[in-house]
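>>> Prediction below, plus the sequence it came from.
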Amino acid sequence: MGNQPAGTNSEAHSAANEEVEEAAPGSRSSTHDDSVQRQNSAAYLRDVSALAEQSRAEQSLAEQSDDYPVDNSAVVNFSGNHDTAAGQFNETGMAHGQQHAATAKDLEKIQDELKGLRNIMEAPLMQLSWGELERVQPLYAGLLKQLMNLGLSAQLCEKIASTMVDRGLHKHSWLESLKLLAEMLPVADEDLMRDGGVISLIGPTGVGKTTTIAKLAARFALRHGRRNIALVTTDSYRIGAHEQLRTYGRILGVPVQVAADNDELQAVLNSCRDKKLILIDTSGVSQRDQRLAEQLATLEVSAMPIKNYLVLSATGQMRLQEDVIESFSKADLHGCILTKIDEAASLGEMLSVLTEHELPVAYVSDGQKVPDDLHPARGQLLVKEAVKLMQKANRKPSEKELAFMFGGMINNANI
């Protein structure tokens, strides 16, 4: 792991081990039993490994021997007794084939046993490593605990904690870590409410694209007037999608136009050249849907460059968000808009994904009210909300979870 805290010498390890033995009731007996169990496991592991190696050697010798089955076309019978020769060859081939199959099964069985032993032995080793870290570097371990509790990814936890180690750990390192996280979060510099342009909102179904369009339009109308706005929808899949945007348009006093394909979108944009802000509402398409490529191609209008913003729900899981970002990144994203913060149980995973993918956040939405529940993104406010959700949940990772995540950090550092 990069920038790890310095370890201790062997005397410190011995002293720490003696303290653990004295603190835990019956620890000497338990330690002796654990030691015997580890020795037995290690001995068994060596025996199994030796057996596997022996089986591989036997198989290799059998394949190289003269009587190993060969191609039938290479066998020529000069005695004239073809039936006898063929029978002898078939018997020999079957015998060696059965032996080869048995050897392969033995190897497969041994490999399964090795995998099982590895899984059994890795978990205690991870816990041992985490326990050792807590004893030797309590400040570092405590900081990792808090970062993990925030819901951040193991990689981001390790990166922040290592930076704090370089700066020198102290009792206020947690607050400094939050400040560092806020600085690491990518935030869009561009102000849509000031600059305008042609903006499309893309993303999967159910993330709140249409409502976000209405919020942006309402905010822009308050600053620049409704005559400077045009609303466009390309959503031809969802029933009632056009009507939903038209309803918002009637409320705001803003015209809504429909574009079913690239040519129609080009014509609509040409007719709206006098508008300062053109907002395009797209259909919700899954990141695995084949229609995604068609939708993104529709937005490639060369005459008027379109700035694409990915709308992400804060309630999504980390792997899903990563999948969505990777799929929609083909559209040359200018940034993202984070919705449904008020419905999220945690923000740590989302902040991790945005940081690791370097996807700038332009706006955040924390409710259904138009336009009140839409705010420009600020790193400090996002981190503050993440801490608030962490405190509200009041859930702390177990020692096993901490050990597992810590083991993941070590593995990532060794790759």
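Great, that's in hand.

>>> Can you get me a residue count around the spatially closest residue to Ile202 that is not a sequence neighbour?
Residue nearest to Ile202 in three dimensions, not counting chain neighbours: Thr282, with 5.1 Å by Cβ to Cβ, 6 or more residues apart in numbering. (Glycine included, C-beta is placed from N, CA and C.) Here the neighbour count serves as a burial measure; for Thr282 (other Cβ atoms under 10 Å) it reads 26.

>>> Equivalent analysis for Thr205, please.
Residues within reach of Thr205, counting by other Cβ under 10 Å, total 12.

>>> hang on, isn't it packed against Val311?
No - proximity of Thr205 to Val311 does not meet the contact threshold set by Cβ atoms under 8 Å, at 10.6 Å.

>>> Okay, now the unreliable bits of the chain?
Judged against pLDDT under 70, the low-scoring parts of the chain cover residues 1-102, 112-131, 133-134, 236-241, 286-298, 301-302, 395-415.

>>> Would you map out the domains in it?
Domain assignment for the chain by automatic domain parsing gives 26-131, 137-185+396-415, 192-377.

>>> end-to-end on the last one?
Meaning domain 192-377. Across domain 192-377, the straight-line distance between its terminal residues is 12 Å, by Cα to Cα, to the nearest Å.

>>> what's the residue nearest to Leu338 when sequence neighbours are not counted in contact with, if anything?
What sits nearest to Leu338 in space, not counting adjacent residues and going by Cβ to Cβ, 6+ apart, is Val364, at 4.6 Å. With contact set as Cβ atoms under 8 Å, 6 or more residues apart in numbering, Val364 has these partners: Ile337, Leu338, Thr339, Ile341, Leu374, His375, Ala377, Leu381, Leu382.

>>> which of the residues you listed count as buried?
Buried subset of those (neighbour count, 16 or more other Cβ atoms under 10 Å): Ile337, Leu338, Thr339, Ile341, Leu374, Ala377, Leu382.

>>> so which of the residues you listed comes closest to Leu147?
When these are ranked by distance to Leu147 (Cβ to Cβ), Leu382 comes first, at 15.3 Å.

>>> Make sure that closest one is actually in contact with Ser352.
No - under the criterion of Cβ under 8 Å, Leu382 is not in contact with Ser352, lying 11.9 Å apart.

>>> So what sits opposite Lys307 in the bridge?
Taking DSSP bridges, one finds Ile199 as the beta-bridge partners of Lys307.

>>> hang on, the earlier thing: so the residue nearest to Leu338 lies in a strand, does it not?
Yes - applying DSSP: H, G, I helix; E, B strand; the rest coil, one finds Val364 inside a strand.

>>> roughly how far apart are it and Ala393?
Shown here: Val364 relative to Ala393, a distance of 19 Å by Cβ to Cβ, to the nearest Å.

>>> picking that back up, which pair in the buried ones among the contacts of Val364 spans the largest distance?
Using Cβ to Cβ, these reach their maximum pairwise distance at Leu374 and Leu382, which is 14.3 Å.

>>> need the strands for the stretch 201-350 of the chain, in chain order.
229-233, 256-258, 277-281, 307-313, 333-339 (DSSP state E, counting those that start in this stretch).

>>> JSON lines please, covering those and showing distance to Ser173.
Putting these into JSON lines (distance: least, Cβ to Cβ, whole Å) gives the following:
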{"stretch": "strand 229-233", "distance to Ser173": "47"}
{"stretch": "strand 256-258", "distance to Ser173": "52"}
{"stretch": "strand 277-281", "distance to Ser173": "44"}
{"stretch": "strand 307-313", "distance to Ser173": "30"}
{"stretch": "strand 333-339", "distance to Ser173": "27"}
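
>>> and Leu185, which of those strands is closest to it?
If you check each of the strands of the stretch 201-350 of the chain against Leu185 by Cβ to Cβ, strand 333-339 wins as the nearest, at 10.8 Å.

>>> ok, and what's touching that closest one?
188, 190, 201, 207-208, 211-212, 307-314, 350, 354, 359-365, 377, 382.

>>> are any of the residues you listed buried, and which?
Burial of the contacts of strand 333-339 was assessed by neighbour count (16+ other Cβ under 10 Å); the buried members are 188, 201, 207-208, 211-212, 307-314, 350, 354, 359-365, 377, 382.

>>> Count the neighbours of Leu192 for me.
Using other Cβ under 10 Å, the number of residues around Leu192 comes to 22.

>>> quick one: contacts for it?
By Cβ under 8 Å, 6+ apart, the residues touching Leu192 are Ile199, Leu216, Phe220, Leu277, Ala362, Tyr363.

>>> wouldn't Leu389 be in contact with Ala344 here?
Yes - using Cβ under 8 Å, Leu389 is in contact with Ala344, at 6.5 Å.

>>> Chain neighbours aside, what residue packs nearest to Asn228?
The shortest distance from Asn228 to any non-neighbouring residue, by Cβ to Cβ, 6+ apart, is to Lys276 (4.0 Å).

>>> Can you report how many residues lie near that neighbour?
The tally of other residues near Lys276 (other Cβ under 10 Å) stands at 15.

>>> how about stretch 248-263: buried residues?
Going by neighbour count (16+ other Cβ under 10 Å), the buried part of stretch 248-263 is Tyr248, Gly249, Leu252, Val254, Pro255, Val256, Gln257, Val258, Ala259.

>>> distance of the fourth one from Ala188?
Look at Val254 and Ala188: by Cβ to Cβ, they are 24 Å apart.

>>> same check, this time on the second one
In this structure, Gly249 lies at 26 Å from Ala188, with Cβ to Cβ as the measure.

>>> list the contacts for Gly367?
The neighbourhood of Gly367, defined by Cβ under 8 Å, 6+ apart, consists of Asp342, Asp373.

>>> Is Val187 bridged to anything, and to what?
The residues paired with Val187 through beta bridges, assigned by DSSP bridges, are Val361.

>>> Isn't it up against Ala377?
Yes - under the contact definition of Cβ under 8 Å, Val187 touches Ala377, with a separation of 5.0 Å.

>>> can you give me the helices in the stretch 51-200 of the chain?
82-136, 138-149, 154-167, 173-184, 192-195 (DSSP state H, counting those that start in this stretch).

>>> ok so, going back, which among the strands of the stretch 201-350 of the chain is found nearest to Leu152?
The minimum distance between Leu152 and the strands of the stretch 201-350 of the chain falls on strand 333-339, with 16.1 Å, by Cβ to Cβ.
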